[in-house]
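**Q** The following block contains a protein sequence and its predicted model.
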Amino acid sequence: MAEKKWHIRRNDFNGAEHISRGRDRHFMALALEQARMAYAVEEVPVGAVAVAARRIVGTGWNRKESTADPTAHAEMFALREAAAKLGQWRLSDVTLYVTLEPCIMCAGAMIQSRLARLVFGTPDRKGGACGSEYHILQDWRLNHRVNVTGGVLQNEAAGLLREFFATRRSRGIEPSGGLKDAATLPK
């Protein structure tokens, strides 16, 4: 089967993109630190960092299992914290860095918050809503569109997720819902 074509802006890291590339890699590395915090408490390791004017205004990591809250995604925590710190719900000057391509719920929150830009690490070929399976952030029928860059530190982000699911399987713990396993992640 041929690989699915993405309808998102790919960073080619040439020319003017060089500066953006370094900044994107820096903040994605910080999002990976958030993902490791989730891993440490046996949550699916997804992390997020919200940035405005080159400073962090929000962070988050998955807490669905520990809070028994289906909306406790890394992106939601980072968006809420950013809105609180900035004192407004419109996040039109914010870039959100997330280690895994966001789901439909989180993409909807990005539209509602008027997020300027999303940068994600690895695509989610099972439920990604930002270019892999769905294109929520670029849907012309909605009142806002978000600029999307995918694949930043993709190998590191995918590797952390693969390791997490492999460890769970080796301990006899079957994943429940969502990603199910690392088979949906790019190699």
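**A** Arrived safely, thanks for sending.
**Q** how much space between residue 151 and residue 21?
**A** Counting by C-beta to C-beta, to the nearest Å, the gap between residue 151 and residue 21 amounts to 11 Å. Yep, even glycine has a C-beta here, placed from its N, CA and C like the rest.
**Q** Tell me which of the two has more neighbours.
**A** More crowded of residue 151 and residue 21, by other C-beta atoms under 10 Å: residue 151, with 20 against 16.
**Q** got a pLDDT number for that one?
**A** The model reports residue 151 with a pLDDT of 95.
**Q** swap in residue 169?
**A** Model confidence at residue 169, given as pLDDT, is 87.
**Q** Assumed it was part of a helix.
**A** Yes: secondary structure assignment (DSSP: H, G, I helix; E, B strand; the rest coil) places residue 169 inside a helix.
**Q** tally of neighbours for it?
**A** Here the count is done by other C-beta under 10 Å, and residue 169 has 13 residues near it.
**Q** What's the separation between it and residue 123?
**A** Residue 169 sits 22 Å away from residue 123 when distances are taken as C-beta to C-beta.
**Q** Could you do residue 89 as well?
**A** Using C-beta to C-beta, residue 89 is found at 28 Å from residue 123.
**Q** For stretch 102-120, buried residues please.
**A** Counting neighbours by 16 or more other C-beta atoms under 10 Å, one finds that the buried residues in stretch 102-120 are 102-103, 105-107, 109-111, 113-120.
**Q** can you list contacts of that stretch?
**A** The set of residues external to stretch 102-120 that reach it, using C-beta atoms under 8 Å, 6 or more residues apart in numbering, is 24, 27-28, 71, 73, 75-76, 79, 83, 89-101, 124, 127-130, 134, 136-137, 142-144, 146-152.
**Q** Could you work out the end-to-end span of it for me?
**A** Using C-alpha to C-alpha, to the nearest Å, the end-to-end distance of stretch 102-120 comes to 8 Å.
**Q** Ok, stretch 38-50 next?
**A** The separation between the terminal residues of stretch 38-50, taken as C-alpha to C-alpha, is 17 Å.
**Q** Tell me the buried residues in it?
**A** Of the residues in stretch 38-50, those buried by neighbour count under the rule 16+ other C-beta under 10 Å are 38, 39, 43, 44, 45, 46, 47, 48, 49, 50.
**Q** Same question for stretch 76-87.
**A** Using 16+ other C-beta under 10 Å as the test for burial, stretch 76-87 gives 76, 77, 78, 79, 80, 81, 82, 83, 86.
**Q** quick one: the fourth one and residue 58 touch, right?
**A** Yes: applying C-beta atoms under 8 Å, one finds residue 79 in contact with residue 58, separated by 6.5 Å.
**Q** At which residues are the strands of this protein located?
**A** Residue ranges of the strands in the chain, as given by DSSP state E, are 9-10, 47-52, 55-61, 94-100, 117-122, 147-150.
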